[in-house]
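# Just to be clear, the model below is a prediction. Sequence and coordinates:
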Amino acid sequence: MSEAEKSPRGVLYVVGIGPGAKEHCTPAALAAIADAEVVVGYSTYIALVRDLVQGKEIHRSGMTEEIGRARAAVERARDGAKVALISSGDAGVYGMAGLVFEVLRTMEWKRDGSPELRIVPGVTAINSCASLLGAPLIHDFCTISLSDLLTPWPVIARRIEAAAQADFVIGLYNPASGRRTRQIVEAHDIIARYRDGGTPVGLVKSGYRSIQKVVLTDLDHFLDYEIGMLTTVLVGSTNTFTFEGYMVTPRGYTNKYTWDGKVRPGQKPARSLVLDEAEAPLSQEHSE
Ligand code: SAH
């Protein structure tokens, strides 16, 4: 028996399926799920792609069974099956991709061994939620997960403080759950030390799913609204403004240019990154 027959090379797709609606799942992600014989994922995500998984072997599990789910997926694929492990949004953003690598490392997996790994990107919540709110991420932003199940709260609090101080737009994933309600209040208190009470805040619950809810409010009032496991909270920077019910962070063009394209007094025009010959005679760069 040849080596290849003894251990066929399986495939492990690690797939982000986007926020929920099929239209926001990429064609590559849909193709990966279609190609798989085995589909592994949290029940809610399997339900989101239920029409694609008919006739396949399905492994559903609850939220707290991630390690078992990742192991099962890796082992089936190692033994030769085509397996799709699915996460919502992007599997590499607070998703299953990291755990897959930890499992592979304990198995001393080699890149050219089995399974072949194919990581398929998806639209992560900060992007899908931003699109429902307007254009809040036009300038520098960061995301912070408020879940302290795996990360100690002082670490999270320090990151919130640094982000608030540095004037990032802040996307808060996992802001609260049924039992975990204190973190979002503390996050508010930290951010309020650096930002005005009128700073725009957007709340998106279940974006691009049938129960979608979008709220545009401000730092002083956002805690009055329902915030749960399926909500992403976007806190504006000091420059973010609201317009016609949208949340917008300016890129800064109008600080530099007038609307007719002229450079404002005291501003330098932007220079192209293509250097002219006098500055960088490329043709002579390597000549002696
Ligand atoms: N891998 C996922 C994130 C998983 S963490 C991704 O890339 O999007 C789970 C958190 O993601 C939730 O608590 C919520 O903050 C956010 N989230 C995921 N899907 C969402 C959706 N459809 N609408 C709003 N927030 C969502």
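Received the coordinates, thanks. Residues are numbered from 1 along each chain as shown.
# Tell me the residues of the stretch 1-150 of the chain that contact the ligand?
19-20, 87-90, 93-95, 124-125, 129 (CB under 6 Å from any ligand atom). All C-beta atoms are positioned from the backbone trio N, CA, C, and that covers glycine.
# Can you classify residue 223 by secondary structure?
Three-state call for residue 223 (DSSP: H, G, I helix; E, B strand; the rest coil): helix.
# coming back round to it: with pLDDT, secondary structure and neighbour count added, can I get the residues of the stretch 1-150 of the chain next to the ligand in a markdown table?
Formatted as a markdown table, these follow (pLDDT from 0 to 100; DSSP: H, G, I helix; E, B strand; the rest coil; neighbours: other CB atoms under 10 Å):
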| residue | pLDDT | secondary structure | neighbour count |
| --- | --- | --- | --- |
| 19 | 96 | coil | 26 |
| 20 | 90 | coil | 26 |
| 87 | 93 | strand | 24 |
| 88 | 94 | coil | 26 |
| 89 | 97 | strand | 27 |
| 90 | 98 | coil | 24 |
| 93 | 98 | coil | 20 |
| 94 | 96 | coil | 18 |
| 95 | 91 | coil | 21 |
| 124 | 98 | coil | 25 |
| 125 | 98 | helix | 27 |
| 129 | 98 | helix | 27 |
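# quick one: the strands in the stretch 1-150 of the chain?
Using DSSP state E, counting those that start in this stretch, the strands of the stretch 1-150 of the chain run over residues 11-16, 38-42, 57-61, 82-87, 116-120, 134-135, 141-145.
# In the stretch 151-288 of the chain, where is pLDDT below threshold?
272-288 (pLDDT under 70).
# Next, the contact list for residue 92, please.
Shown in contact with residue 92 (CB atoms under 8 Å, 6 or more residues apart in numbering): 14, 16, 98, 119, 121.
# out of those residues, which is most surrounded?
Among the contacts of residue 92, residue 14 has the most neighbours (other CB atoms under 10 Å), with 28 neighbours.
# neighbouring contacts of the strand or helix carrying residue 216?
Element membership for residue 216, per DSSP states H and E: strand 213-218. Strand 213-218 is contacted from outside by 132-133, 197-207, 222, 224-226, 242, 245-247, using CB under 8 Å, 6+ apart.
# Out of the residues you listed, list just those in helices.
Using DSSP state H, the subset of these located in helices is 132-133.
# Quick check on the contacts of strand 213-218: which are buried?
Taking 16 or more other CB atoms under 10 Å as the criterion, what is buried in the contacts of strand 213-218 is 132-133, 199-207, 222, 242, 247.
# and the two most separated of those residues?
199 and 206 (24.1 Å; CB to CB).
# For beta bridges, what are the partners of the one residue in the stretch 1-150 of the chain that gets nearest to the ligand?
Nearest residue of the stretch 1-150 of the chain to the ligand (CB to the nearest ligand atom) works out as residue 89 at 2.0 Å. For residue 89, the beta-bridge partners are residue 18 (DSSP bridges).
# Contacts only, for it.
Contacts of residue 89 by CB under 8 Å, 6+ apart are 16-19, 95, 122-125, 128.
# re earlier: the strand holding residue 216 near the ligand at all?
No. Contact of strand 213-218 with the ligand (CB under 6 Å from any ligand atom) is absent, the minimum separation being 9.3 Å.
# Next SSE downstream of that strand?
Going down the chain from strand 213-218, the next helix or strand is strand 231-235, by DSSP H and E.
# For that following strand, list every residue counted as buried.
231-235.
# That one vs the ligand: in contact?
Yes. Judged by CB under 6 Å from any ligand atom, strand 231-235 and the ligand are in contact via 231-232.
# Can you list the strands that that strand pairs with?
With DSSP bridges as the test, strand 231-235 pairs up with strand 169-173 (antiparallel), strand 200-205 (antiparallel).
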